[in-house]
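Trainee: got a sequence here, can you build the structure:
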Amino acid sequence: MATTAIDEQRAEPTMDDRVTAKDATTNNNNDDVVSTSTFTDSSSSDDSEGEESSSAGNVISTGLKRRRNTTEASKEGDNNDSDDPLARADPSRSKHNRAKTYTISATGGAGKPYTLARWLEFLAGCLIFFLPIPLVVCQIVACTLWEFADQATLKLTNKGTALNEWCDRFWIYKRLVQHPKDTFIVNTTIWLGLVLPAYFCFEAVAQAKSIAEGNGIIWWRAALYNVVRIGPMYRHFMFVYVLCHKEAHSYGKLFSMPHRKYLGLQYAYNYFIGFFHGVLPGPFTESHIYNHHKYDNDSDDVYSTGAYPRDSFGQFLRYVYIWFLYALNISSIAKFFEEGKNSRAWRCIAGCAYYAAGVGLCARLVSPVFACLYIVYPLVEGNILLGAVNYTWHAFIDPNDPDNDYVNSLTILNGLNFTLDEEYHVVHHQYGGVHWSRNKELYERHVEDYKKHTASVFKDCNLFVIWGMIVAKDYDGLADNFVQYEEDESKRLSRDELKELLKQRLQCTTWSY
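Mentor: Purely as a prediction, here's the structure:
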């Protein structure tokens, strides 16, 4: 299949991968700053959205001062970071909204009495999580068995990778994409944007016919569709969400001009492909860029983990509710209106209306049960998994330095069953829109800082396994997979010291309500 095993395409960056860190977008008040990157683009000036042209002499800076928007940063401008090609991420720099004094809780407030609001969060999270979880578990088991069976027989996932590597030779593939290492996206988009939607339409016709004949919904067909949709070892799921993420950070510029304009590919993943997998327009294109990366898990981040001790499954259930408010654009709309970002709020509202119209159309043309099984269920399933993903990315907070990016974001070396180097999440928050092929290089550039800060780095793990160890308070398992960079054994933390450190960081909260 065209979308599988793309990770094997990862290549070392070359001098052709030219990129700069810059302010992405500012509003009239100059407070909507996020970090991103630009690539050489053959598009017209009308499509540039204020991008800067890159040149061979450009260097990469962390962009943290610009992202954090301090007065000092605004005075110093771009030259401060770009003067030093080895500019380091400085965790002491104040973030956008952190002129205030922190109230740090080492115990995470776990002993505080539950207010009515906290109980409602918990109960809503329980309903969202436990009602569909039997289906989600069966689906994950099925896609895992599919992967094992494929590897033991036809190895279609390997053939998909080989096909992408073979297609990479053709000039048309390189002309279609913005970055030369993204040629795999062409076949991936054909699979996710044409083949799977065609399968969806085929299912709609088949189910409508069955209902019209008085036989009702064919349940096994719905189950099979959702297994195929998520893919072997949930590969399709990963590529949909990762490419929605990448598309948002590139401002819809995964494909090159004029193809993305005339073929409708500017936001193909967030506005079309994502619909079949539970992605509304807005969470990635608006909130993730202009809220999450602006506030970096602080109290103004609409899906912050900082109010909850993360080593608790009960607290994760509260977080599920918070995550779904974000996934449905609800909390983002309220936040953007509160900040006077009305245009962003209205775009989120339009995204909700678009999704609701799609659900309503399917319910009318086929049946409400069809709409629930084929459209609403993917939203619930996908966001339960994504809630666990973000909970894990930002599970650790340094009580002595809450702004410390090396602790606050997770890194997984040799991560299992993830894609496009998403596991370098510290790099992603330091260099918000940098191309995925640079992540390893940028991680290695700052490896001494990872060592100095005893960064949240694990190895040879699946992200969901780390999530399981976190919510189960499995400090031994976390310690087994934690990376200590110190080569001198006598200077390393003992096992008990490491477990205590991880416990403190998981239980530290920076705000509450």
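
Trainee: tell me the mean pLDDT for the helix or strand Gln504 falls within?
Mentor: Mapping Gln504 onto the secondary structure by DSSP states H and E places it in helix 495-507. For helix 495-507, mean pLDDT rounds to 95.

Trainee: can you tell me how far the closest residue to His453 other than its chain neighbours is from Thr509?
Mentor: Excluding the flanking residues, the one nearest His453 by Cβ to Cβ, 6 or more residues apart in numbering is Tyr406, at 4.0 Å. Bear in mind the C-beta positions are built from the backbone N, C-alpha and C, glycine included. The gap separating Tyr406 from Thr509 is 19 Å, by Cβ to Cβ, to the nearest Å.

Trainee: again with Tyr295
Mentor: Going from Tyr295 to Thr509 by Cβ to Cβ gives 16 Å.

Trainee: more crowded one of those two?
Mentor: Neighbour count, other Cβ atoms under 10 Å: between Tyr295 and Thr509, Thr509 has more, with 24 against 20.

Trainee: about what we covered before: what is the helix holding Gln504 packed up against?
Mentor: In this structure, helix 495-507 packs against helix 475-481, with contacts taken as 3 or more Cβ pairs under 8 Å, 6 or more residues apart in numbering; DSSP states H and E.

Trainee: what are the buried residues along the helix it packs on?
Mentor: Buried positions in helix 475-481, judged by neighbour count with 16 or more other Cβ atoms under 10 Å: Tyr475, Gly477, Leu478, Ala479, Asn481.

Trainee: adding distance to Cys461 and pLDDT, write these out as CSV.
Mentor: Shown next, in CSV, are these (distance: Cβ to Cβ, whole Å; pLDDT from 0 to 100):
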residue, distance to Cys461, pLDDT
Tyr475, 15, 97
Gly477, 9, 96
Leu478, 9, 96
Ala479, 12, 96
Asn481, 5, 95
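
Trainee: for Tyr424, give me phi and psi.
Mentor: phi -90, psi 70 (degrees, to the nearest 10).

Trainee: surely it is in contact with Ser409?
Mentor: No. Judged on Cβ atoms under 8 Å, Tyr424 makes no contact with Ser409 at a distance of 9.1 Å.

Trainee: more neighbours, the two?
Mentor: Ranked by neighbour count (other Cβ under 10 Å), Tyr424 and Ser409 place Tyr424 first, with 26 against 22.

Trainee: let me see the ranges of the helices in the stretch 151-300 of the chain.
Mentor: Shown for the stretch 151-300 of the chain, the helices assigned by DSSP state H, counting those that start in this stretch span residues 156-167, 171-176, 184-190, 196-212, 219-230, 235-249, 259-262, 268-271, 293-295.

Trainee: so what does the helix or strand harbouring Cys348 touch, helix or strand wise?
Mentor: Element membership for Cys348, per DSSP H and E: helix 342-365. Other helices and strands packing on helix 342-365, by 3+ Cβ pairs under 8 Å, 6+ apart, are helix 196-212, helix 330-338, helix 368-371.

Trainee: of these, which is nearest Ile397?
Mentor: Smallest distance to Ile397 across the helices and strands packed on helix 342-365 (Cβ to Cβ): 20.6 Å, for helix 330-338.

Trainee: quick one: contacts of that closest one?
Mentor: With Cβ atoms under 8 Å, 6 or more residues apart in numbering as the test, helix 330-338 has contacts from 282-283, 286-287, 290-291, 300, 302-303, 322, 325-326, 342, 344-345, 348-349, 352.

Trainee: got the contact list for Trp129?
Mentor: Careful, residue 129 is Phe; it's not Trp. Phe129 neighbours (Cβ under 8 Å, 6+ apart): Leu317, Val320, Ile384.

Trainee: my guess is the last one contacts Val136. True?
Mentor: Which is Ile384. Yes. Between Ile384 and Val136 there is a contact at 6.2 Å, judged by Cβ under 8 Å.

Trainee: just checking, Trp436 touches Asp421?
Mentor: Yes. Under the criterion of Cβ under 8 Å, Trp436 makes contact with Asp421 at 4.9 Å.

Trainee: mind listing what the spatially most central residue of the chain touches?
Mentor: In the chain, the residue lying closest to the centroid (Cα atoms, centre = their mean) is His245, at 5.6 Å. Residues near His245 by Cβ under 8 Å, 6+ apart: Phe284, His288, Glu422.

Trainee: quick one, what contacts the closest residue to Asn462 other than its chain neighbours?
Mentor: Using Cβ to Cβ, 6+ apart and skipping residues adjacent in sequence, the residue nearest Asn462 is Leu416, 4.5 Å away. Residues in contact with Leu416 (Cβ under 8 Å, 6+ apart) are Asp460, Cys461, Asn462.

Trainee: now the last one: phi and psi?
Mentor: Going back to what we said before, that points to Asn462. When read as degrees, to the nearest 10, the backbone of Asn462 gives phi -90, psi 140.

Trainee: so it makes contact with Asn414?
Mentor: No. Using Cβ under 8 Å, Asn462 is not in contact with Asn414, being 10.9 Å away.

Trainee: give me the low-pLDDT residue ranges for the protein?
Mentor: The model of the chain has pLDDT under 70 over residues 1-113, 513.

Trainee: kindly recompute the last result at 50.
Mentor: Within the chain, the stretches with pLDDT under 50 are 1-31, 33-101, 107-111.

Trainee: so which residues of it form strands?
Mentor: Secondary structure of the chain, counting by DSSP state E: strands at 20-23, 35-38, 411-413, 457-459.

Trainee: what is the end-to-end distance of stretch 337-348?
Mentor: This stretch, stretch 337-348, spans 11 Å end to end (Cα to Cα, to the nearest Å).

Trainee: shift numbering so it begins at 59
Mentor: Will do, 59 is the new start, and the previous item becomes stretch 395-406.

Trainee: surely Met296 meets Val447?
Mentor: No. Using Cβ under 8 Å, Met296 makes no contact with Val447, being 9.9 Å away.

Trainee: follow-up on the earlier one: most packed of the helices and strands packed on helix 400-423?
Mentor: By mean neighbour count, with neighbours taken as mean count of other Cβ atoms under 10 Å, helix 388-396 ranks first of those at a mean of 19.

Trainee: that one to helix 400-423, inter-axis angle?
Mentor: Interaxial angle, helix 388-396 versus helix 400-423 (axes from the mean of the first three to the mean of the last three Cα atoms, to 10 degrees): 150 degrees.
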